[in-house]
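Enquirer: With the sequence up front, the predicted model follows.
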Amino acid sequence: ASRAGQIIKDVMHKGNLGIVEKGLDKNDLQTEADRSAQKCIIGSLSKLFPGVTIIGEEGPHNDQPEDIPSDWIVTEQDKAVLASDCPNEYSKINPQEIVVWVDPLDGTSEYVEGLLDHVTVLIGLAVKGKTVGGVVHQPFYNYELDKQGVGRTLWGLVGLGVGGFVPHPPPSDKFIITTTRSHADAVVNKTLEALKADEIIRVGGAGHKVLMLLEGKAHAYVFASKGCKKWDTCGPEGVLKALGGTLTDIHGNEYNYAKDVSYPNAQGIFATSKHVNHSELISKIPKELKDRFPY
Ligand SMILES: Nc1ncnc2c1ncn2[C@@H]1O[C@H](COP(=O)(O)O)[C@@H](O)[C@H]1OP(=O)(O)O
Ligand SMILES: [Mg+2]
Ligand SMILES: [Mg+2]
Ligand SMILES: [Mg+2]
């Protein structure tokens with residue numbers, strides 16, 4: 001994830017983002033950074049873990065090894081994480097039961113607009129359809145103060161814990177929701193109104209919004225829309241879950257991350273930190289709004 005973050009920075013510094021619109025939606029962009037970062041992550045992981053299914057946002061991985069620059073292929077592993085004991089529940093897993101979901105650049109709209117700290121690289125780990133871990137790398141963390149910064153990498157594994165950041169509870173004297181800044185519509189906004197937050201923070205990226213929960217800047221991340229896909233949520237959910245938080249659809253059901261599922265999170269996103277009663281908060285969404293999902 002951090003090598004991909006460096007690639008994302010290199011593309012930004014070169015200045016030609018190579019933007020293309022994916023399909024008909026003007027809100028759904030892809031850049032040279034999305035494409036190259038995916039080659040780096042999937043090229044590296046498929047070499048290290050050939051039996052594991054890896055699914056990336058930017059399409060199937062058809063590259064031959066010689067098509068990927070050799071310095072994009074990472075073989076080194078994080079010594080500090082590997083020094084931890086693997087929880088028992090993972091000791092007998094077959095590679096066939098594992099799916100890795102890769103969003104090489106989450107927050108593409110914000111990357112293009114220069115809101116650089118909204119950008120993250122997301123790698124999620126699912127076993128038998130359930131998210132168990134994740135990595136969220138923020139390449140431009142603190143970039144306005146620290147121009148030479150290397151970003152930061154947050155990780156979590158359910159049963160082991162989290163690393164790369166200091167968890168923080170949200171304030172106890174007000175209720176804050178974070179949501180989309182670039183993909184809102186009438187249903188998204190009506191759902192937010194029903195939850196009666198004291199403050200709504202509109203920022204880009206699914207990874208970035210889960211960071212806000214991890215660091216106590218918001219109590220809940222709510223997006224009553226179908227725009228997010230499995231690679232947007234698996235990685236962030238892994239870190240959140242390892243810290244006792246919850247990410248579900250707007251009915252309160254967990255998504256399935258098995259390799260044959262459909263990609264869209266068609267029933268929306270509802271995520272809370274462990275300090276929030278998830279089901280009590282969901283019960284505040286009026287039935288007529290919930291009944292619109294999936295749409
Ligand atoms: N309508 C949509 N079309 C394409 N991607 C979407 C849409 N809505 C959300 N996403 C993805 O979910 C992320 C979080 O959404 P938002 O910032 O609106 O809350 C976006 O950065 C984008 O991921 P990506 O940037 O990786 O394509
Ligand atoms: Mg995208
Ligand atoms: Mg994304
Ligand atoms: Mg993306």
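Expert: Cool, the structure landed. Numbers count the residues shown, from 1 in each chain. Ligands and ions are numbered 1, 2, ... in the order given.
Enquirer: Which residues of the stretch 151-295 of the chain lie near ligand 1?
Expert: 180, 182, 183, 204, 205, 206, 223, 227, 228, 232 (CB under 6 Å from any ligand atom). To be clear about C-beta, it is placed using only N, CA and C from the backbone, and glycine gets the same treatment.
Enquirer: Which two among the residues you listed are spaced furthest apart?
Expert: 182 and 232 (13.2 Å; CB to CB).
Enquirer: okay, the two: which has more neighbours?
Expert: residue 232 (28 against 17; other CB atoms under 10 Å).
Enquirer: and the helix or strand harbouring the more buried one with ligand 3, contact?
Expert: In this assignment (DSSP states H and E), residue 232 forms part of helix 230-242. Yes: using CB under 5 Å from the ion, helix 230-242 comes into contact with ligand 3 via residue 232.
Enquirer: if you look at that helix, does any of it touch ligand 4?
Expert: No: using CB under 5 Å from the ion, helix 230-242 stays clear of ligand 4, coming no nearer than 7.0 Å.
Enquirer: Quickly note the distance from the nearest residue to residue 94 once chain neighbours are set aside to ligand 1.
Expert: Once flanking residues are discounted, residue 94 sits nearest to residue 51: 7.7 Å by CB to CB, 6 or more residues apart in numbering. Using CB to the nearest ligand atom, to the nearest Å, residue 51 is found at 27 Å from ligand 1.
Enquirer: Report the separation between residue 238 and residue 127.
Expert: 11 Å (CB to CB, to the nearest Å).
Enquirer: brain fart, residue 100
Expert: 10 Å.
Enquirer: Same check on residue 76?
Expert: 24 Å.
Enquirer: For those two, indicate the residue with more neighbours.
Expert: Ranked by neighbour count (other CB under 10 Å), residue 76 and residue 127 place residue 127 first, with 18 against 7.
Enquirer: related to what we said a few turns ago, in PDB, list the C-alpha atoms belonging to the helix holding residue 232.
Expert: Output in PDB follows, covering the C-alpha atoms of helix 230-242 (Å, rounded to 0.1, in the frame of the first residue of the first chain):
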ATOM      1  CA  LYS A 230     -16.800  -3.900  -2.100                       C
ATOM      2  CA  TRP A 231     -13.200  -2.600  -2.500                       C
ATOM      3  CA  ASP A 232     -14.300   0.800  -1.000                       C
ATOM      4  CA  THR A 233     -15.400  -0.800   2.300                       C
ATOM      5  CA  CYS A 234     -13.500  -4.100   2.900                       C
ATOM      6  CA  GLY A 235     -10.100  -2.500   3.900                       C
ATOM      7  CA  PRO A 236     -11.500   0.300   6.100                       C
ATOM      8  CA  GLU A 237     -14.000  -2.200   7.600                       C
ATOM      9  CA  GLY A 238     -11.100  -4.500   8.600                       C
ATOM     10  CA  VAL A 239      -9.400  -1.700  10.600                       C
ATOM     11  CA  LEU A 240     -12.700  -0.500  12.100                       C
ATOM     12  CA  LYS A 241     -13.800  -4.000  13.100                       C
ATOM     13  CA  ALA A 242     -10.400  -4.800  14.700                       C
END
